[in-house]
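Peer 1: any chance you can model this:
(chains A and B)
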There are 2 protein chains.
Amino acid sequence: MFSELLQPDLRLMLMEDDQYGLHEFCLALYPAVAAEVLHGLVPTDVWRVLKACDVERQAEIFAFIDPPQQLELVDNVEREHLSKLIEVMSADDRVDLLGRMDEDHVESLLPLVAKAEREEIRKMLSYPEDCAGAIMTTEYASLPEDITVREALDRLRQQAPDSETIYYIYITDSNRALHGVITLRQLILARPGLRLADLMRRDVVAVKVSDDAEEVARQLALFDLIAIPVVDEETRLVGIITHDDVLDLVQEEANEDAYLQSAIEPLENDYLETPVVTMAKKRGVWLLLLAAVGFITAKVNEGFEGVSSRHDWLSWFLPLVLASGGNTGSQSATLVIRAITVDRSATRQKMRIASHELMTGFLLASAMSAFSFLAVMFLFGRNLQEAMVVAGTIGLVVTMGTLLGSALPLIFDRLGMDPALMSNPLISSLSDILGVVIYFSTAILILEMLL
Amino acid sequence: MFSELLQPDLRLMLMEDDQYGLHEFCLALYPAVAAEVLHGLVPTDVWRVLKACDVERQAEIFAFIDPPQQLELVDNVEREHLSKLIEVMSADDRVDLLGRMDEDHVESLLPLVAKAEREEIRKMLSYPEDCAGAIMTTEYASLPEDITVREALDRLRQQAPDSETIYYIYITDSNRALHGVITLRQLILARPGLRLADLMRRDVVAVKVSDDAEEVARQLALFDLIAIPVVDEETRLVGIITHDDVLDLVQEEANEDAYLQSAIEPLENDYLETPVVTMAKKRGVWLLLLAAVGFITAKVNEGFEGVSSRHDWLSWFLPLVLASGGNTGSQSATLVIRAITVDRSATRQKMRIASHELMTGFLLASAMSAFSFLAVMFLFGRNLQEAMVVAGTIGLVVTMGTLLGSALPLIFDRLGMDPALMSNPLISSLSDILGVVIYFSTAILILEMLL
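Peer 2: Reported below is the predicted structural model:
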C-alpha cells in the first residue's frame, strides 16, 4: 500500500545520492513501513538506504524485512558491517536470522561479534526450533525486590533502551531466580516509598525454555499477557516472549495447519515467492503417496471385477459413495485435530470424542441414506433392491468415515506424531479402500445372496 | 489443570459457607484461573462465589468464563445485580455478552443500567458483527497535547483504573480528533518539563470503525502494537482494540477457516460442548449439498454407459483418477485462499497466481502421469493403450484440478463472497464431474477412435 506511493521518491533520492533524504526516510517512517518500501529494491540499494542512518535504526528496519530478502541482504554486505548489525539486533530477531543463514556463513561471522553477544547467540541457537528458548528474547527488564518504587522507576529509565518491553518488570534475585512480576502500570500508581516486595505478584505465569511454541501461545492468550517470562529448569529467568511474536507464531501455525490439512508440506515463504519447482515438490510428495493409496483402491476394485461387471450400473455411483465417506472422514478429522491442538485437555477425553463422533455419524448416515435412496429410485429409475444397495452403502460408509476420521488423528497423537499429518486427502484415500469393499460386499449381499 | 486441584477446596468452602475463604478465592487467583475453577459449578454456586467479592472483581472473572456458561449465569441472577455487573464490565466484554443474549432479555436489562453506559451500549450494539466497532473497547487513555510530561503522568494516575491499557496514550483535542500517540515508555524516559506535542508521534496507525476484524489484525500485527486506535469517519477517536482481543480473534478465524475448508459450518462452542444434533446439522447441510453434486457425477457417468461397459476395467481406476484431480484442486484452493486472506495485495495479482498454479500444475501432472503409466502397465498388466488412457487422464485431471482450485476462490472473492466457502470437498466434488468426462472421453479417443 505505502510502498507504491513512496518508492518513486526513494528511487529519486538514491539516484541523486540525497543522503539527507535517505536519513529522513529511515527515521521518519515506522520501521515496518520502511521495510515494505524497501521490498522491491536490489540489495546494494537497500544497503545504501539503510546505511544513511545509525546501526540501531538499521537493525529495527531490518527486523521487518521478509526472510528471503534478509538472506539476500546478508549475502551482499561486508562481514564487518553485518557483525555490527547482528550485535545490536534484538536477541529473537537475531536468532531467527542466523537460524536461516547457512552454517558456514554464521561461523565466519561470529568471531567478529562482541564476546557477550556471541555466547548468547551460541546458546540460543542450541535450543530446538519451535520451543520457547528459540523464540524468546533476552532483553527483559528486571529489578531486585528490596528497592522502592521510586528507585525502581529510576533504574527502569536506565534499562529501558535495552529492553524489549518495560511494561512488565520481573523481580529476580542475584541468581536470576524469578520471584515476582510488577507491571509498569502498578509502579506508576503506587506510593513512591513502597518496596517492590510488597507490590509484586508472586504467582508468576511462566513457561519453561523447553515448552513448545503452542504452549507459549496458549498461556499468553489465556492470561491476556503482553509478555510471558521463560525460565530454565532451576526457575531462573532466561528470557521473555512478547505478544507480537506470539501473534506472528499463531498466524504461521494457522497457515501450516491449513497447508497440512490439504496435504501440502508447509511453505517457508509467501505463496507467490515460492518458486514453482519448490511448490511442485511440496505438493508432489503427498500427491504421489495419495496416488499409491489410490492404486491399492484400484487393486481392491479389480478384486470385485465379477460383481461390478454383472451390474455395471454400480460404477455410476462409485464416486458418490466414496466421496461421502471421504467428506465425512475429513470433517471428523478436522474437528478432532482442532479440538486436540487448541485444547490439550481434549486428548484425555478420547472416549468422549469417539462416542460424540459415532452419534453424529449415525445422524448423518441416516440423513444421507434417506436422501440417496430417493435419488437412486426416482432420479435414476433403479429398482428397490438397487436403491437399497446404494443407500445402505452410503449409511455404512458415512459411519465408517466418522470413525476413521476421528480415530486416526487420535492414534497419531498418541504415537507422538503431529495429528495434522492425517490430512483430509489422506483420510479420504484411506476411506476409499474401505468404501470399495463395503460397496461391492453390500451389492453381493443384497443383489445376489438375499434375493 | 488448576481446576482439578482447586475445585474440591472451593466446594468445601461453599458447603461450609466460608465467606472469608470465598473472598480470598476471588482475589488471590488470576481471573482466568478463577474462571476455570468455576467451570464445573452450577449457576447458583458460581454466583455465591462471585458475590463474595466486589462487583469490579466479579466483572473481571466473569469476562474469562466461557460464553455458554456466561449465558447460563445471566439467566440465573436477579436483574438488579446483572445490570450492576454490566455497568462495570469493560466495553468490549459487555458487548460480546449482550450480543449473545436474547434481545428481550437485553431490553429488560438496559433500563436498569446507568444512562452513560446505556447509550454507549446501544451504540456499540449497532455496529455490524466482526467490524472494528464491534470488538473495540472505549476505555482508552487520552490526553491533550498542550500539557507537560509531568502533568501527563499525574493525569494518567487518575485515568488508569478505567483504562484497558495505559501503555499507549492517545493525544486528542476537545473534539476527540486524534492528533498523536505517546507510549508510557516515552513518558517515563522524557524530561518532565517537555510538552506532549513535542514528544508525540503524529502519524498514528489507526483503523476505522467499519474496518473488518481481519484488517485490524493485519495492522496490529504489522506494526507490533499493543493496541490500535479506532476512529470514526471524521477521524475522531472512538475506541481501541487491544492485542489480547486480536490474538483471540486470530485463533477463532483459524478455527473457522479450518472448519470451512473441510465443509463444516463454523461452531460457536468448543467441540465437545457442541451438542450432537447441532454438529450433525452443521455438517449435514454441506454433506447433502456435496451428495447432490455427487448425483450429477453419477448422471454423467451413466451417460458414458457404453464405453464403460465395453471396457469394464476402466472403473477400477475411476476413484484414483477422480481423487487425483480432487487432491490437486484442494491443494490449489487452500494455497490461493491462504494467499488472499493473509495478504490482501495478492488479490490484485490474479494473473500471476493463475500462471504460478498452471506451471506447478504441469510439473505435477507430468510426475503423476509417469507414475501412473508405470503402475498401470506393470502392477495391473494392462496394455500400452490402456496405460496411456489412465496416465493421460491423470495428467489432464491434475492440470484441470489446479486451474479449478485456483480459479473458483478467486471468482468467489471477486463476487464479494468468502473465498473459504470453496472448501476442499466442494472443489473435489466439482472436479469429479469434469474428471468423469475427461476419463471416458480420453478412453473413447484412444481405445476406440485412434486404434
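Peer 1: mind giving me the domain ranges of chain A?
Peer 2: A:2-126, A:140-242, A:271-449 (automatic domain parsing).
Peer 1: gap between stretch A:230-250 and the chain center?
Peer 2: Mean-position distance between stretch A:230-250 and its chain equals 17 Å (Cα atoms, centre = their mean, to the nearest Å).
Peer 1: which of the residues in it are buried?
Peer 2: If you call a residue buried by 16 or more other Cβ atoms under 10 Å in any protein chain shown, then stretch A:230-250 has these buried ones: A:230-231, A:237-247, A:249-250. C-beta coordinates here come from the backbone N, C-alpha and C atoms, glycine included.
Peer 1: so how far is the first residue of it from its last?
Peer 2: 18 Å (Cα to Cα, to the nearest Å).
Peer 1: so that stretch, near chain B or not?
Peer 2: Yes. Counting by Cβ under 8 Å from any Cβ of the partner chain, contacts between stretch A:230-250 and chain B involve A:243, A:244, A:246, A:247, A:248, A:250.
Peer 1: where does the fifth one land on pLDDT?
Peer 2: Which is residue A:248. If you check residue A:248, the pLDDT there is 89.
Peer 1: isn't there a strand covering it?
Peer 2: No. Using DSSP: H, G, I helix; E, B strand; the rest coil, the assignment for residue A:248 is helix, not a strand.
Peer 1: distance check, it against residue B:364.
Peer 2: Shown here: residue A:248 relative to residue B:364, a distance of 30 Å by Cβ to Cβ, to the nearest Å.
Peer 1: for residue A:375, which non-adjacent residue is spatially closest?
Peer 2: Take residue A:375 and drop its neighbours on the chain: the residue closest to it by Cβ to Cβ, 6 or more residues apart in numbering or on different chains is residue B:295, 5.2 Å away.
Peer 1: same question for residue A:281.
Peer 2: residue A:265 (7.8 Å).
Peer 1: the nearest residue to residue A:377 once chain neighbours are set aside: how many residues sit nearby?
Peer 2: Once flanking residues are discounted, residue A:377 sits nearest to residue A:387: 4.5 Å by Cβ to Cβ, 6+ apart. Using other Cβ atoms under 10 Å in any protein chain shown, residue A:387 has 19 neighbouring residues.
Peer 1: in this structure residue A:387 contacts residue A:379, no?
Peer 2: No. Assessed by Cβ atoms under 8 Å, residue A:387 is found out of contact with residue A:379, at 10.3 Å.
Peer 1: just to revisit the earlier point, state whether the residue nearest to residue A:375 is indeed within a strand.
Peer 2: No. Counting by three-state DSSP, one finds residue B:295 to be helix, located in no strand.
Peer 1: contacting residues around it?
Peer 2: Contact analysis of residue B:295 by Cβ atoms under 8 Å, 6 or more residues apart in numbering or on different chains lists A:320, A:372, A:375, A:379.
Peer 1: and with 10 Å instead?
Peer 2: By Cβ atoms under 10 Å, 6 or more residues apart in numbering or on different chains, the residues touching residue B:295 are A:316, A:317, A:320, A:371, A:372, A:375, A:376, A:379, A:380.
Peer 1: now the buried members of these.
Peer 2: Neighbour-count burial (16+ other Cβ under 10 Å) applied to the contacts of residue B:295 gives A:316, A:317, A:320, A:371, A:372, A:375, A:376, A:380.
Peer 1: show the model's pLDDT score for the fourth one.
Peer 2: According to the prediction, residue A:371 has pLDDT 94.
Peer 1: now it: how far from chain B?
Peer 2: Distance, residue A:371 to chain B, by Cβ to the nearest Cβ, to the nearest Å: 6 Å.
Peer 1: try the last one
Peer 2: Counting by Cβ to the nearest Cβ, the separation of residue A:380 from chain B is 7 Å.
Peer 1: residue ranges with poor pLDDT in chain A?
Peer 2: Applying pLDDT under 70 to chain A flags residues A:1-3, A:343-347, A:451.
Peer 1: switch to 50 and redo it
Peer 2: Judged against pLDDT under 50, chain A has no low-scoring part.
Peer 1: wasn't the residue nearest to residue A:281 part of a helix?
Peer 2: No. With three-state DSSP as the criterion, residue A:265 is located in coil rather than a helix.
Peer 1: neighbours of it, how many?
Peer 2: Using other Cβ under 10 Å, residue A:265 is surrounded by 16 other residues.
Peer 1: what's it in contact with, if anything?
Peer 2: Counting by Cβ under 10 Å, 6+ apart, residue A:265 touches A:256, A:259, A:278, A:279, A:281, A:282, A:283, A:284, A:285, A:286.
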